[in-house]
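# Everything below, folded, please.
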Amino acid sequence: MRVLSYNVHSGVGGDGRRSLGRVAEVIAQSAPDVVALQELDQGRARSAGVHQAEELAELLAMEFHFHPAFEVEEECFGDAVLSRYPMRLMQAGALPSVKGGFFVERRGALWVEIDVGGMKWQILNTHLGLGWRERRVQARVLLGERWVGAVGMGTPLVLCGDFNSCPGGGVHGMLKGVLREVVPFGGRNTFPAGFPMLSLDHVFVGADVDVIEAAVWETCLARVASDHLPVLAVLRWGLDEG
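Residues are numbered from 1 along each chain as shown. Now for the predicted structure:
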């Protein structure tokens with residue numbers, strides 16, 4: 001399973017130009033089976049009313065589920081999962097906010113089940129807040145009985161997204177205490193895309209998922225298509241025959 005996690009910044013690149021075509025090309029270059037996307041617009045004036053998750057799914061010939069983290073009248077902003085394989089929505093919902101926190105913005109999570117030849121992969125996608133107190137509360141909920149805790153034993157689990165937390169941070173440590181981090185080979189930094197200095201985007205897996213390959217997808221196009229670089233993880237679950 002090739003899983004890509006990508007904050008696409010509503011299609012706005014480092015040059016200030018909005019282009020979903022560039023984003024789709026970056027995704028296609030990495031040939032993923034599943035894509036976890038953050039910061040997508042739906043019906044927003046700033047992006048000409050486009051349903052960005054739907055348009056990217058069409059460009060990439062993939063299925064999609066979109067969850068609006070927040071809605072203002074007809075405008076939505078949120079996260080999505082795209083898949084080459086059949087999938088079904090397991091759960092989507094808001095994560096808690098902390099009153100009086102730093103630049104509080106509603107956040108959410110999306111959980112889908114991917115059917116790969118009868119093998120059911122559980123994919124969770126999220127985008128945590130900017131304030132450290134808020135992120136801690138949100139991470140605690142994600143790891144609780146409604147989300148990660150609800151995934152049954154003996155099924156492959158992948159949690160990915162923009163966590164706004166670097167390795168060594170409190171939230172990163174909370175997640176590593178329950179799940180195993182997929183550490184990209186050759187460096188972790190994903191933000192800002194043009195000159196990455198921070199590692200904000202991560203993939204975590206259940207204990208029984210094998211990591212075959214992992215990398216920050218850093219190409220010339222990826223450095224300009226969004227303000228984040230995507231993270232690619234090539235994963236395997238189950239014992240080889242024989």
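# Mind listing what's buried along the lowest-mean-pLDDT helix or strand in the chain?
Among the helical and strand segments of the chain, the one scoring lowest on mean pLDDT, DSSP states H and E is strand 63-72, with a mean of 90. Within strand 63-72, the residues scored as buried using 16 or more other C-beta atoms under 10 Å are E63, F64, H65, F66, H67, P68, A69. Bear in mind the C-beta positions are built from the backbone N, C-alpha and C, glycine included.
# Among these, which pair sits farthest apart?
E63 and A69 (20.4 Å; C-beta to C-beta).
# Okay, and the spatially most central residue of the chain sits in which element?
Centroid-nearest residue in the chain: G161, 3.0 Å away (criterion: C-alpha atoms, centre = their mean). Per DSSP states H and E: G161 is located in strand 157-162.
# circling back to that earlier point, identify the neighbouring strands of the least confident helix or strand of the chain in the sheet and state each direction.
Taking DSSP bridges as the criterion, strand 63-72 forms sheet pairs with strand 75-83 (antiparallel).
# In contact with L198: list those residues for me.
C166, N189, T190, F191, P192 (C-beta atoms under 8 Å, 6 or more residues apart in numbering).
# Would you agree the second one is in contact with V216?
Looking back up the chat, that one is N189. Yes - between N189 and V216 there is a contact under C-beta atoms under 8 Å: 6.8 Å.
# Please say which of the two ends up with more neighbours.
Legend: neighbour count by other C-beta atoms under 10 Å for N189 and V216, higher for V216 (21 against 18).
# The more buried one contacts V183, correct?
No - contact criterion C-beta under 8 Å: V216 and V183 do not qualify, at 10.6 Å.
# What's the local residue count around G168?
Neighbourhood size, G168 [other C-beta under 10 Å]: 8.
# thinking again about what came up before, which single one of the contacts of L198 is nearest to G13?
Using C-beta to C-beta, these come closest to G13 at P192, 11.1 Å.
# Distance check, that closest one against V8.
Counting by C-beta to C-beta, to the nearest Å, the separation of P192 from V8 is 14 Å.
# quick one, which of those two is more surrounded?
A direct count of neighbours by other C-beta under 10 Å for P192 and V8 places V8 higher, at 28 against 16.
# I'd say that one and E39 touch.
Yes - with contact defined as C-beta under 8 Å, V8 reaches E39; the gap is 5.9 Å.
# Which parts of this structure are helices?
With helices called from DSSP state H, the chain shows them at 20-30, 52-60, 132-142, 170-176, 222-225.
# which stretches of the protein have low pLDDT?
For the chain, applying pLDDT under 70 flags the ranges 73, 100-104, 239-242.
# mind listing the strands for it?
According to DSSP state E, the chain carries its strands in the segments 2-7, 34-42, 63-72, 75-83, 87-95, 107-116, 119-127, 157-162, 180-181, 201-205, 209-216, 231-237.
# re the thing from before, touching the least confident helix or strand of the chain from outside, list them.
Outside strand 63-72, the residues within contact range by C-beta under 8 Å, 6+ apart are 40, 42, 51, 53-54, 56-57, 76-87, 89, 92-94, 105-110, 112, 127.
# Give me the angle between that strand and strand 87-95.
Strand 63-72 and strand 87-95 meet at an angle of 20 degrees, taking axes from the mean of the first three to the mean of the last three C-alpha atoms, to 10 degrees as the criterion.
# Off-centre distance for strand 63-72?
Mean-position distance between strand 63-72 and its chain equals 13 Å (C-alpha atoms, centre = their mean, to the nearest Å).
# Then stretch 197-204?
On the basis of C-alpha atoms, centre = their mean, stretch 197-204 sits 10 Å off its chain's mean C-alpha point.
# buried set for that stretch?
S199, L200, D201, H202, V203, F204.
# Ok, stretch 132-152 next?
132, 134-139, 141-143, 147-148, 151.
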